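J.: here is a sequence together with a model predicted from it:
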Amino acid sequence: MKISRLETFADQYVGFVRVTGDDGCEGWGQMSPYNADITAQIFHRQIAPYALGQSALDIEGLVDLIPRREHKFPGSHLVRALGGVDTVYPDLGNGLGDAAAAERVANARLMPSGPPVVSRAPDPTPRDGEIHTWRVSGDVYLLTGDGANIAVQVGPQGAFIVDAGSGKLADKVVAAIARLSAKPVQFIVNTTFRPDHTGGNAKLQTAGADPSLTGTFFSMQFQGAGRAATIISQLNTQVRMIDQKLPAPPSDTFVSDRRRKYYNGEAVEIFPMRNATTDGDSIVHFRRADVIVTGDIFTTTEYPHIDTKLGGSVQGEIDALNFILDRTVYVHDEDGGTMIVPGHGRVTDEWDVADYRDMLVIVRDRVQALLKTGATLQQVLAARPTADYDVRYGATSGPWTTDMFVEAVYTSLKTPPTTGRVK
């Protein structure tokens, strides 16, 4: 049931909302009784446009969605209005006489206070030991539940996979793919070398086949060619996997140019993204379905894992996100249109990618400004340049923390990578 109509009934002291579904069912809710008439105006301006047409059966999801859609105007209107007085400062007159003192006061107000915070955004990845399948667009599906997100395109030629998950539930992943396609897996693309994306390579590869290699020159180039699925990646991903002795490294690699396939009646493009989270990242664009699979270049759950020791950089990450945004098309106001499958987190669209890019640009500029003053790493960490984003992406424990991200930004700005290619 979709929400088809929203009405408010309010005066200064009490306000009610009537919600009508497209099947005629009605429900009532109450707004805050304080200045309820003003709240009703805000409701119609900032809540209703995003609620209309949404499922009336997922109010919890709707309550999470709307604040993110109204990201430019968060918080209480009272607090925002008070800014008009608060920013004048009580000591304005004295400040005019002592510019240096006024500057110190202003800078003190800008510094974040309180302990570091962690993300309050829910991680939608299921952890029930099952593989969950969700149709993204066209013949492209999302499989989630085994580490990184897995994208699957299916059709008369077989299955085309992007990333293989951690491998812990590989048998269930194979079974889920078999429910989508009667034909075997023919191609697997690894967007990165990281084990949560490649751990399932071996199982998915042996469950597949690549008949296009049988009897060709390539069938003599590597063991098992044609009798299993072909794994494709940027060259550096193959090198990292071999160096780290990770199972089933890619056998088909490319360096700086896109790799193209025409598969299941659809153009599929694989683009290398130089010096993003590492020097071996790739993205995949299914053009007819208009789905872009980003790997770890974009996630909805955390700051990007920029590994400066393996060629990653904040500028390369921003460049990669801009490249993705150059290929997306929205339906309205950055929503809808091209669908984005992130390395981790929920399927989304251009809006969230642009928001993620903007966050990185702002953090980069803050750290760069501190570097220009001669700030050390410890001073940059103490300044907390990510403070206003930590509630969305922050972490104080686990394999990738906020401080680790800030250190990666600092390092990549101080010593930018010189190449995106293994020598």
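T.: Received, thanks.
J.: what distance do you get for the residue lying closest to residue 296 once chain neighbours are set aside to residue 192?
T.: The shortest distance from residue 296 to any non-neighbouring residue, by Cβ to Cβ, 6 or more residues apart in numbering, is to residue 343 (3.9 Å). Glycine gets a C-beta too; all of them are placed from N, C-alpha and C. According to Cβ to Cβ, to the nearest Å, residue 343 and residue 192 sit 8 Å apart.
J.: what sits against the residue nearest to residue 296?
T.: 148-149, 163, 191-192, 197, 294-299 (Cβ atoms under 8 Å, 6 or more residues apart in numbering).
J.: going by distance to residue 401, which of these wins?
T.: Closest approach to residue 401 among the contacts of residue 343 (Cβ to Cβ): residue 299, at 14.7 Å.
J.: skipping its backbone neighbours, what lies nearest the closest one in space?
T.: residue 344 (4.3 Å).
J.: surely the one you found meets residue 150?
T.: No: using Cβ atoms under 8 Å, residue 344 makes no contact with residue 150, being 11.4 Å away.
J.: which one's more surrounded, these two?
T.: Counted by other Cβ atoms under 10 Å, residue 344 and residue 150 do not tie: residue 150 has more neighbours, with 27 against 21.
J.: wait, isn't the more buried one in contact with residue 165?
T.: Yes: between residue 150 and residue 165 there is a contact at 5.2 Å, judged by Cβ under 8 Å.
J.: need the overlap of contacts for these two.
T.: Shared contacts of residue 150 and residue 165, counting by Cβ under 8 Å, 6+ apart, come down to 143, 173, 200.
J.: could you measure from the last one over to residue 342?
T.: By that I understand residue 200. Taking Cβ to Cβ, one finds residue 200 at 18 Å from residue 342.
J.: same question, the second one
T.: As for residue 173, its distance to residue 342 is 18 Å (criterion: Cβ to Cβ).
J.: so for the two, which residue has more residues nearby?
T.: More crowded of residue 173 and residue 342, by other Cβ under 10 Å: residue 173, with 27 against 24.
J.: would the more buried one count as being in a helix?
T.: Yes: assessed with DSSP: H, G, I helix; E, B strand; the rest coil, residue 173 lies in a helix.
J.: mind listing what it touches?
T.: When contacts are counted by Cβ under 8 Å, 6+ apart, residue 173 touches 131, 143, 146, 150, 164-165, 200, 203-204.
J.: try 10 Å
T.: Shown in contact with residue 173 (Cβ atoms under 10 Å, 6 or more residues apart in numbering): 131, 143, 145-147, 150, 152, 161, 164-167, 185, 200, 203-204, 207.
J.: check residue 253 too.
T.: By Cβ under 10 Å, 6+ apart, the contact list for residue 253 reads 190, 231-239, 259, 280.
J.: among those, which two are most distant?
T.: Among the contacts of residue 253, the pair separated by the greatest distance (Cβ to Cβ) is 239 and 259, at 16.6 Å.
J.: lowest confidence element among the helices and strands of this structure?
T.: helix 92-97 (a mean of 56; mean pLDDT, DSSP states H and E).
J.: thinking again about what came up before, which of the contacts of residue 343 fall within strands?
T.: Members of the contacts of residue 343 lying in strands (criterion: DSSP state E): 294-295.
J.: can you tell me which of the contacts of residue 343 are in helices?
T.: residue 197 (DSSP state H).
J.: can you tell me the closest non-neighbouring residue to residue 228?
T.: residue 205 (4.7 Å).
J.: can you count the residues close to that neighbour?
T.: Neighbours around residue 205, by other Cβ under 10 Å: 24.
J.: ok, it - contacts?
T.: So residue 205 contacts 161, 164, 185, 188, 224, 227-231, 247-248, 250-251 (Cβ under 10 Å, 6+ apart).
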